[in-house]
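**Student:** make a model of this:
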Amino acid sequence: MLKKLTPEQQELLLRSAIEEFGEKGLERAAVSTIAKRSGLSVGVIYKYYANKEALFEACLAHSVAMLREVAEKAVAGETSLLSACEKLIRACQSFAREHAAYVRMYHFITTRNDADVARYAQTIEGITAGLYRRLFAKAREEGNVRPDLDPTLFALFFDDLLMMLHFSYGCRYYEERMRIYLGEAEATGADATDVAARADQDERIVRQLLLFLSGALGIREGANR
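**Tutor:** Numbering: from 1, shown residues only. Okay, the predicted model is just below:
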């Protein structure tokens, strides 16, 4: 009889699998490596998941649930569009720093060109598309942003910015790209492990991105907080 995995074991299995998929992609990822990382046997994993693809789907569902929780929590109770945007930007930074493997798995999915892409996109982007669209539509209805703003397109543009920010904290190419724009010292601090330097950089990014959004949105005086 199959011994049921504890919630802790299930969480560790999914985290281990996400790390492997994020590093190598679906095709190159090895269940044997996932088993070693999670402390489970390959046989046990296959008793829970029919194949590697099924495990990948479970990892995707797990990460999507986390992203939904983060996004909804960030905007809960917010009445100001700019404040909501600030919380979403900060949540994006925190999530990417704490869960870089999730970001890399997401990036891997965006590079695919097969029949599953549309389904993956709907699963992932469906979380934020409606949320951001409602935020911008509400702000326009209340007269707090420029009247010619298209909520649907601004939702897309805002998500594009957050997606690139996600990648800049979790994917090597985009990390290097940010260093090129900011300069090595500014991007990493004198020491890459310097927490204070990273915090300063994060704060600078937040403030300048909000400045960029304020101009694009035509935020009215007094409506930005």
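**Student:** now the helices for the chain?
**Tutor:** Secondary structure of the chain, counting by DSSP state H: helices at 7-28, 31-38, 42-48, 52-75, 81-98, 100-110, 117-141, 151-170, 172-182, 184-188, 195-217.
**Student:** can you flag the weakest of these by average pLDDT?
**Tutor:** The weakest mean pLDDT among the helices of the chain belongs to helix 184-188, with a mean of 52.
**Student:** need the helices of the chain in CSV (columns: mean neighbour count).
**Tutor:** (Each C-beta comes from the backbone N, C-alpha and C, glycine too.) Conversion of those to CSV gives the following (neighbours: other Cβ atoms under 10 Å):
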stretch, mean neighbour count
helix 7-28, 18
helix 31-38, 17
helix 42-48, 15
helix 52-75, 17
helix 81-98, 19
helix 100-110, 21
helix 117-141, 16
helix 151-170, 18
helix 172-182, 13
helix 184-188, 15
helix 195-217, 14
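**Student:** and Gly170, what is it in contact with?
**Tutor:** Ala96, His99, Ala100, Ala101, Tyr102, Val103, Arg104, His107 (Cβ atoms under 8 Å, 6 or more residues apart in numbering).
**Student:** so the second one versus Gly170, what's the distance?
**Tutor:** Right, His99. 8 Å (Cβ to Cβ, to the nearest Å).
**Student:** and what of the last one?
**Tutor:** Taking Cβ to Cβ as the measure, His107 and Gly170 are separated by 7 Å.
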